[in-house]
Each structure stands twice: as C-alpha cells, then as structure tokens.
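Peer 1: Turn this into a structure:
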Amino acid sequence: MAVNGTLYTYPENFRAFKVLVAAQYSGSKVTVDKNFVFGETNKTDAFLKKFPLGKVPAFETSDGRYIFESNAISWAVANEQLRGKTPMDQAQVVAWMNFADNEILPASCTWVFPCLGIMQYNKGNTERAKEDVKKALATLNSHLLTRTFLVGERISLADITVTCTLLHLYQYVLDPNFRKPYQNANRWFSTMINQPQFKAIIGDFKLCEKMAQFDNKKYAEVQGKIKQAGGGEKQEKKQKKEQPKKETPAKKEKETASEPAEPPAPKPRDPLDALPAGNFNLDDFKRFYSNNDEEKSVPYFWEKFDPEHYSIWFCEYKYAEELSRIFMTCNLIGGMFQRLDKLRKNAFSSMGVFGEDGNNNISGVWVWRGQELAFPLCEDWTIDYESYDWRKLDPNAEETKKLVDQYFKWIGEDSKGRKFNDGKIFK
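Peer 2: Alright, predicted model coming up:
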C-alpha cells in the first residue's frame, strides 16, 4: 500500500525526482513543501526533531511518520507493481537501485560536477569516472538486449531509480559519439524520459549534444557564489550508504556480455595474509564494535590488540583546500573504501570529516596486520593513499590512546580546530 505525505527538498534534486515519479505511477499524493528553504528550514529545531540528520529529500507521511533516504521514500510511495510482485522481483528491483547508487552515481558526480563548477577538476579521477560510466552503460546495454525494462515486463522502481541517476550524464556529458555503443541502454532511457509520468516531473529532456568540459573561470565563479552564500546549499549531509563521492570506484569487474569474452584473471592474493596472524582476532573486534557502544568497544580494542603483529596509523587528507561540501567529502571516503574492498579482511578504520561546508577535511585512524604501510603492497590499494599523509602511531603513547578514543567514538576536533561532522567505518 502506497503512502501519502509531504516531501521536503530543494529544486531539481534528482533524488526527489525518484520519489515524485514513483508517486505519479502509484497514485500516491505527494506534496512538495513550497516553504522549504534549503540551508535554513532543515537547520531548524522543528525539522531536526523530525529528521535528525537534517538532509533531504525527507518525507513526512499524512499520519505523522517520518522517512529519510530517497530510496526508502520511493519504496514507501510506490505500489506493488513498482516494488515487484514476488520476492525475487523485489530483490532484483533493490539490486538495480543499489546499482544506480554504487556504480553510476559516484562516477557521474566525479565527471559532471567539475563541468558544473561544483568541484575541482582532477584528470585522473575524471578518466577513471569515464571508464566506470562505460562499464555501467555496458552492463545496462547487455541486460536490455532482450528486455524492454530492467525487471519484468513493466516499469518498476528499478527503471525509475536508474533513469533518474543517469539524468546528469545524459544531459551534460554523454554526447552522441560517447553514447553510440550503448543503443539498447539509449533506447530504454529515451523510453523512460518520454513516459507521461516522467515528463510530469522532469519536463522535456534534451539529450547532450556536446560534451561539457571543466572551465576554470566557471569554477571560480561558482565557488565564489558558494563562499558568498556562506558555504552554499548543504546537500545530503551524511551519505553513509548512498551517495556521490569525489573519486570513483576502480573495481576490477568481469567484462559484460556485450564485450569480448576473456579468460578470468587469477584472483589476486592479499599480501597481508602472508604475515603472521598473531593473537588479535580482527573479525571478533569488528563484531564487538558493531554490536556495542564505544564506551565498551574502545577498552575491548586495547584489551585484545596485538602490537607485535598489528600496527596503528593516522592519516590526514593533503588537499583540504579542494574540499567544499560535506556530502562530497563524505563520498570521497566512501570511494576510497570501495576501492580498498579487498583490504577489509586484514584492516579496520574509522575516518572522520571535520568542519563544515567550505571548510572541512578528512582524517582517520587505521589498524591493519603488519608493521609497514599496507597500500604499496598491492597495486589495487594504491589509488587513494598518496592523497593522504600517513603517520605510524606508537601503541603505548598517550597520544595514540587519545586518537583511538576520539576516532572510534567520532568526537572532538581535528588539528585545525574543526569539529567532528560525519564519519565512515571501514570493516
């Protein structure tokens, strides 16, 4: 059963589009609060009492319940057809919604945001983003070779979510030459954006004719406006499970069915597996940390920690001047974590974002097996680490005790006096 209510969002928020398009299909009555002012309304006590994270889109049901996160709101306002009529259909819908958030959105933001002047341009990051977009489009293209829609024979939340996440790419950078190899995906996308339910929300959509490029002058102008506005609109403050990041995933994926088949690459070995395990059960600590509050977790860590076979490291991002909005900084961490996925077995980290829009930075505490800096040991792990300063900590030093306590508990200030704002755990 779909629900009715009020949606809080800023204009042209593609995440809100997902909700509003879903409501068009399901018949849910969703009213956008016209009095909502981003950066003001969502900072009031009344709003934070309903939505403690202060981020949008946020949804208040007609019977007084509160939902945050756009995918959850979309699910709430959808009907059975959009969600999937069987458990298998529902699982596939959720899979494609996650695909949009994890495989398309990070690359889209990394490529498009610099073109809009929102974020500084980085050639390496942009080139990786383009490759990730190609992989995502190839996956869609292959899947849609014999299908009209992503799940089943009718439009579902899978189609709505993926389409909305692709809007910026098709609008700004996927020019005719770039998108030419993905005819099945292009056909499906055009079908979706021309549905009456989509057009009612996004209007007439014009496909990109010339690929947008980064422009230093435009970037300076946009950043100037952000500073004049006191940091600008603070979109999606805490993106722990969904969201854009400044850098993009560089995961080693198998070639999709639309590309030439190649022999599977040998599974890479984790170089840390070759080191002595010692008596510190890292998985046990991760479980304890996840299931207990920090007042118990920190003492438990020191009780179990094996300094002979494990080391503790502190890191701080080198390029704080490039960081602007908190949600982008958070997603920079998320991108790093994704690209270090194979390190999870032998490492744990708590990374924090300190400060506010226009003045923030990343720092964190890491624990891994061995006594040397882990990242140079594996080519897959080297993408991000050079963007940080790394310092090995003495487990017996009082400074280390304080840092572990601070970062495991997400409290305090960084070296520049910026207060803790958000964080992510690598486990």
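Peer 1: how far does the host helix or strand of residue 92 sit from the chain's center?
Peer 2: Taking DSSP states H and E as the criterion, residue 92 maps to helix 87-99. Taking CA atoms, centre = their mean, to the nearest Å, one finds the center of helix 87-99 at 18 Å from the center of the full chain.
Peer 1: just stretch 358-375 next, same as before
Peer 2: The answer for stretch 358-375 is 19 Å, by CA atoms, centre = their mean.
Peer 1: Quick one: mean pLDDT over it.
Peer 2: Mean pLDDT, computed over stretch 358-375, is 94.
Peer 1: likewise stretch 406-420?
Peer 2: If you average the pLDDT values across stretch 406-420, you get 93.
Peer 1: which outside residues touch it?
Peer 2: 289, 294, 297-298, 301, 316, 350-356, 359-361, 363-365, 423 (CB atoms under 8 Å, 6 or more residues apart in numbering). Any C-beta I mention is one placed from the backbone N, CA and C, and that applies to glycine too.
Peer 1: Filter those down to the buried ones, ChimeraX style.
Peer 2: Listed next is the ChimeraX selection for buried residues among the contacts of stretch 406-420, using 16 or more other CB atoms under 10 Å:
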select :289,294,297,298,301,316,350,351,352,353,354,355,356,360,361,363,364,365,423
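Peer 1: In strands only, show me the contacts of stretch 406-420.
Peer 2: Secondary structure from DSSP state E places 316, 350-356, 359-361, 363-365, 423 of the contacts of stretch 406-420 in strands.
Peer 1: could you check the distance from residue 318 over to residue 367?
Peer 2: 21 Å (CB to CB, to the nearest Å).
Peer 1: And these two? Which one has more around it.
Peer 2: Counted by other CB atoms under 10 Å, residue 318 and residue 367 do not tie: residue 367 has more neighbours, with 23 against 13.
Peer 1: How about the more buried one: which residues does it bridge to?
Peer 2: residue 312, residue 348 (DSSP bridges).
Peer 1: follow-up on the earlier one: with only the CA atoms kept, save the helix holding residue 92 in CSV.
Peer 2: Output in CSV follows, covering the C-alpha atoms of helix 87-99 (Å, rounded to 0.1, in the frame of the first residue of the first chain):
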residue,chain,number,x,y,z
PRO,A,87,10.2,-11.7,-3.5
MET,A,88,12.6,-12.4,-6.5
ASP,A,89,11.3,-9.4,-8.4
GLN,A,90,11.7,-7.2,-5.3
ALA,A,91,15.2,-8.5,-4.8
GLN,A,92,16.0,-7.6,-8.4
VAL,A,93,14.5,-4.1,-8.0
VAL,A,94,16.6,-3.5,-4.9
ALA,A,95,19.7,-4.7,-6.8
TRP,A,96,19.2,-2.2,-9.6
MET,A,97,18.5,0.6,-7.1
ASN,A,98,21.9,-0.3,-5.4
PHE,A,99,23.5,-0.4,-8.9
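Peer 1: The nearest residue to residue 35 once chain neighbours are set aside: how many residues sit nearby?
Peer 2: Spatially, and ignoring its direct neighbours in sequence, residue 35 is nearest to residue 41 (7.3 Å; CB to CB, 6 or more residues apart in numbering). Residue 41 has 16 neighbours, counted by other CB under 10 Å.
Peer 1: check contacts around residue 41.
Peer 2: Contacts for residue 41 (CB under 8 Å, 6+ apart) come out as 8, 33, 35, 47.
Peer 1: tally of neighbours for the first one?
Peer 2: Spelled out, it's residue 8. Residue 8 has 22 neighbours, counted by other CB under 10 Å.
Peer 1: Would you report the backbone torsion angles of it?
Peer 2: Torsion angles at residue 8 (phi, psi; degrees, to the nearest 10) stand at phi -110, psi 120.
Peer 1: List the beta-bridge partners for it.
Peer 2: Under the criterion DSSP bridges, residue 8 forms beta bridges with residue 58.
Peer 1: Does it touch residue 31 like I think?
Peer 2: No. Applying CB atoms under 8 Å, one finds residue 8 not in contact with residue 31, separated by 10.3 Å.
Peer 1: Quick one: residues contacting residue 124.
Peer 2: No contacts exist for residue 124 under CB under 8 Å, 6+ apart.
Peer 1: Work out for me the element it sits within.
Peer 2: In the assignment (DSSP H and E), residue 124 maps to helix 123-143.
Peer 1: Flag the shaky bits of the stretch 151-300 of the chain, pLDDT-wise.
Peer 2: Where the stretch 151-300 of the chain drops to pLDDT under 70, the residues are 225-269.
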